[in-house]
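[1] my questions are about this predicted structure, shown below with the sequence.
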Amino acid sequence: MLAFMIRRFLQSILVMLVVALISFLLFRFVGDPVDQMVGIETSIDQRDALRQQLGLNDPVLVQFFHFIAGALRFDFGISYQFKQPVAAMIAERFPATLELSLLSVVIAIVAGIPMGVYAGLKRDSWLSRMFMTVSLVGISLPPFLVGILFIFVFSVQLQWLPSFGRGETVLIGFWPTGFLTQSGLKALILPSITLALFQLTLIMRLVRSEMLEVLRTDYIKFARARGLSRRAVNFGHALKNTLVPVMTITGLQLGSVIAFAIITETVFSWPGMGLLFLQAVQNVDIPIMAAYLMLIGFLFVLINLIVDLLYVAVDPRIRIDARQAN
Amino acid sequence: MSKASSIPVKAEQGAIARFLASDIVYSFSRSKLTMLAAAITLFYFLMALFAPLIAPHDPFDLASLNLLDSLTPPMWEEGGVAQFPLGTDDQGRDLLSAIMYGSRISLAVGFASVAFAAILGISLGLLSGYVGGTLDSVIMRIADIQMTFPSILIALLIDGTVSGLLPQASREDTAFGVLTLSIGLSFWVQYARTVRSSVLIEKEREYVQAARLIGLRPLTIMVRHVLPNVLGPVLVIATINLALAIITEATLSFLGVGFPLTEPSLGALINIGNNFLFSGEWWITIFPGVTLAVLVLSVNLLGDWLRDALNPKLR
Amino acid sequence: MSEPILSVRNLVVEFPTRFGALTAVNGVSFDIDRGETLGVVGESGAGKSLTGAAVIGLLEPPGRVAGGEIVFDGNRIDGLPPEEMRKIRGSRIAMIFQDPLTSLNPLYRIGEQLVETILTHVDLSAAKARKRAIALLDEVGIPAPETRIDAYPHQFSGGMRQRVVIALALAGEPDLVIADEPTTALDVSVQAQIIQLLKRLCRERGMAVMLITHDMGVIAETADRVAVLYAGRIAEIGKTRDLVHNPQHPYTIGLMNSIPSLDGEGDRLVQIPGSMPRLTGIPDGCAFHPRCAKCFEACLSAHPPEFSAGQSQVFCWLHGEDAPHE
């Protein structure tokens, strides 16, 4: 068990290093950092001096180490566009993205799993068919389009809900939250539902197809042959076996929420990291791009690690084999 | 009561007759929805193909645009004209033509990126599975690392980086290539993995070892024997990918890092229209939006049907 | 003489397809007395498993019972509503399947699965149910049942798993157990043990068994009477001893002759030429006639009815009055 955890941990470090490498290469070799930072009047000598000072003439490996060292200290340099420390900018916008992402994940799971279970158990009922149709529409509509349509209906026509910004936020310690004000909550509704829709349909379809698979297995047949009640068969056995792979796949999905947040934040002008990243891509602001990449890489690796460990905790076959393997 | 022994296909009938009587065609003809989806997809395909011939205007010809025509509503609304049936955007572009050309771009990029991803993925999968060893480990490691990240992020990153490297002026010409590359690169892993597992299974089969004994080259064996077995699942992945590729391209264009506004794809059109939602010029966003949604929906329906039809377990 | 525990008359099982209905079981009739073991033997696809599934009411759709009647302990069960049938399953009729690994839910300990089954049929406290579960494990020959009860299915070997499966089937104290290829997935050495176990349990509990298998060796060891199935119909049915030493139907004769014996002379293995027809191509008349060396005109016209041959019943025109004499 311990050996397994150590191995996974080392794998994660490897992936992080690769991500760091890509970020570093981006940082260093796309465009010229010095040219980006100084004005036109700066002389060549001054540029060279700056280059030397920044360590840009050192061997690549050394620069890479500096880069990683800086990253560990949360120092990602200065943004080309805004001339501010990248780390501070990201930290400022992190709460907005996190609140939006978490809320959408909760919505997707709380709605998606029951819908999927229902569609799996009663696959021919009209409600199931409706769920499946809605889910098809859900995967077919690009998230940005969903957001725009929501804005069109709820903000432009009905004027019920705001279409941009976060509303008012309240500080809890250092964390500005939008959950405690009415305008904050109103502002959260449309973006979080937009972000949730894609995941919700994925979860629902996944749960349904897993459920259908499980219901075809021998152990379900044997459970029925033993005279177990419908509830025991469907929920005690089928549901539990369905949720194990669903849980792991959903966990992996979590990561992509943060990526899709970029789109949602753009559509709703939500002041989060995603919007910052997009602006960075549009303006080729490399430091922000590199920092965002590192952060996302770290989050993904962390999520993957947690999901793997969760899988081991839940599935006795892996848990006991891992233990016996030592 | 019909005797079950009267299956109406005899072995002597040609391949086409057998195909028409097969389960796949049968399940296709039974589902009206699937046939509708196929018809719609075909319609888009034809519209895209013949756009230069049938579109009333050329939306990419900047010289023909007249700013005085801009923001004209659709022809059934007050202020609309028959010359611009669906209205115009802020540059005076005819929306109907723009949608036709835009669909053309969307479909073109969609197909091209899926083809690119498929070719790259299948090749790497074949290589990885057959050669094995270090090459296999390396390729699979890269695949694993890439799989940790959502494809849209990868596409965005590659797109952003390449665009940053290229000079600004050539963005128009290279947009197609860059987008195909980015989207394709974000999708290859699925193909590679599927093909690789098939190869690993087939490699152990006796007919492969027999073929080797006869002296056939490994590539020939792989292409002639393994590939046909794998085409089914690959086709299903490809159809799902197509819808995703179209969405990704539209998203990237919407975000401003895809096709430039001078050659707008459906996503870029929606982006333009987004600025005018509140001022009342809804058509610039809604029409391209509906077009995009219907296209992707049809492709998804086809993909769903294909997956069910090719799934041996459901027969 | 008491009534048979199970009485099946003219059972027909059909599968609707787009070419018309395929008949997989075509007018099968047999009885099983209390405490008796009836072997149901035949090649793959002969309809044995479907017959078993039909008796316990677990036919998978689109398969359905299209005709005949199933009488259990004096009551017709083939038209019962699902909830009534569920009450019978496990407590009066039980069924075990071929692969013990897939028959058990991998996520639950076997103790949990046993207790759940016991509590479904008997009103006991959890502690008493656990005691009974341990006793069951002991009865089927699991060593150290008090500790093994908390193990997971994958921690048992194949033979032990099948014993657990049998224990689960017995938990409701059924009068009839349908065993569908219970030894096929096991090693040869383990097969013998399981067969001995089944025999002992039958004797001690007075249970009837419908033993479905394609292995004549298992039948010879365990069954009191045998029914030979061919292409969805019974070819011959009678006491095991009679069938093995004095088979009447040409198919049965072929089956017996094709069993290689260690003490025979070293000539060629006997084969029945051809193979059993698929459901879509069952010949008119007697389904076996294309492969039968003794086929004559009557065999092509209609399927033979039941004829008596000693204490067995044979479905072969050769035993009719108009049969050609040698």
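    Received it, and whenever you're ready, just let me know what you need. Numbering: from 1, shown residues only, chains lettered A, B, ... in the order given.

[2] low-confidence stretches in chain B?
    B:1-30, B:62-63, B:69, B:164, B:167-173, B:218, B:311-315 (pLDDT under 70).

[3] so which residue is smack in the middle of it?
    residue B:242 (2.5 Å; C-alpha atoms, centre = their mean).

[4] would you mark the buried spots in the host helix or strand of it?
    Taking DSSP states H and E as the criterion, residue B:242 maps to helix B:227-254. Neighbour counts using 16 or more other C-beta atoms under 10 Å in any protein chain shown place B:227, B:230, B:232-234, B:236-254 of helix B:227-254 among the buried residues. No exception for glycine: its C-beta is placed from N, CA and C like everyone else's.

[5] got it, and stretch C:288-307?
    C:288, C:289, C:291, C:292, C:295, C:298, C:299, C:303, C:304, C:307.

[6] picking up where we left off before, so which of the buried residues of helix B:227-254 also contact chain A?
    B:243, B:247, B:250, B:251, B:254 (C-beta under 8 Å from any C-beta of the partner chain).

[7] how near is the fourth one to residue B:106?
    In this structure, residue B:251 lies at 11 Å from residue B:106, with C-beta to C-beta, to the nearest Å as the measure.

[8] residues shared between the contacts of these two?
    Counting by C-beta atoms under 8 Å, 6 or more residues apart in numbering or on different chains, the contacts common to residue B:251 and residue B:106 are residue B:267.

[9] residue numbers of the stretch 101-250 of chain C in contact with chain A?
    Within the stretch 101-250 of chain C, the positions adjacent to chain A are C:102-108, C:116-117, C:120-121, C:152, C:154-155, C:165, C:168-169, C:171-172 by C-beta under 8 Å from any C-beta.

[10] if you set the cut-off to 6 Å instead, what comes out?
    The stretch 101-250 of chain C comes close to chain A at residues C:102, C:103, C:104, C:105, C:106, C:107, C:117, C:120, C:152, C:154, as judged by C-beta under 6 Å from any C-beta of the partner chain.

[11] show me where the stretch 151-300 of chain A has strands.
    With DSSP state E, counting those that start in this stretch as the criterion, the stretch 151-300 of chain A has strands at A:170-172, A:175-177.

[12] OK, contacts around the nearest residue to residue A:205 once chain neighbours are set aside?
    For residue A:205, ignoring the flanking residues on the chain, the nearest one in space by C-beta to C-beta, 6 or more residues apart in numbering or on different chains is residue A:135 at 5.5 Å. Listed by C-beta atoms under 6 Å, 6 or more residues apart in numbering or on different chains, the contact partners of residue A:135 are A:201, A:204, A:205.

[13] just the helices from the stretch 151-300 of chain C, written as ranges.
    Assigned by DSSP state H, counting those that start in this stretch, the helices in the stretch 151-300 of chain C fall at C:158-170, C:188-205, C:216-222, C:240-245, C:250-258, C:297-301.

[14] so which of these gets nearest residue C:20?
    Distance to residue C:20, taken as C-beta to C-beta, is lowest for helix C:297-301 among those, at 22.2 Å.

[15] CA atoms only for the closest one, dumped as CSV, please.
    The C-alpha trace of helix C:297-301 is given here as CSV (Å, rounded to 0.1, in the frame of the first residue of the first chain):
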residue,chain,number,x,y,z
GLU,C,297,-39.0,-41.3,-44.6
ALA,C,298,-41.0,-40.6,-41.4
CYS,C,299,-38.2,-38.7,-40.0
LEU,C,300,-38.5,-35.9,-42.6
SER,C,301,-42.2,-35.4,-42.2
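
[16] tell me the mean pLDDT over it?
    For helix C:297-301, mean pLDDT is 81.

[17] related to what we said a few turns ago, and the strands of the stretch 151-300 of chain A: which comes nearest chain C?
    strand A:175-177 (38.4 Å; C-beta to the nearest C-beta).

[18] pass me the low-pLDDT residue ranges in the chain, would you?
    Because you didn't say which chain, this covers chain A. In chain A, residues with pLDDT under 70: A:1, A:29-42, A:53-56, A:319-326.

[19] if you could check chain C rather than the one you did, that'd help
    For chain C, the stretches with pLDDT under 70 are C:1, C:260-269, C:323-326.

[20] circling back to that earlier point, can I get the strands of the stretch 151-300 of chain A in CSV including distance to residue A:231 and mean neighbour count?
    Shown next, in CSV, are the strands of the stretch 151-300 of chain A (distance: least, C-beta to C-beta, whole Å; neighbours: other C-beta atoms under 10 Å in any protein chain shown):
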stretch, distance to residue A:231, mean neighbour count
strand A:170-172, 42, 11
strand A:175-177, 40, 15
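
[21] quick one: the helices in the stretch 101-250 of chain A, in order.
    Listed in chain order, the helices of the stretch 101-250 of chain A (DSSP H, counting those that start in this stretch) span A:126-140, A:143-150, A:182-215, A:218-225, A:230-231, A:240-268.

[22] quick one: the ones you listed as CSV, columns for distance to residue C:273 too.
    Formatted as CSV, the helices of the stretch 101-250 of chain A follow (distance: least, C-beta to C-beta, whole Å):
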stretch, distance to residue C:273
helix A:126-140, 51
helix A:143-150, 65
helix A:182-215, 41
helix A:218-225, 35
helix A:230-231, 49
helix A:240-268, 46
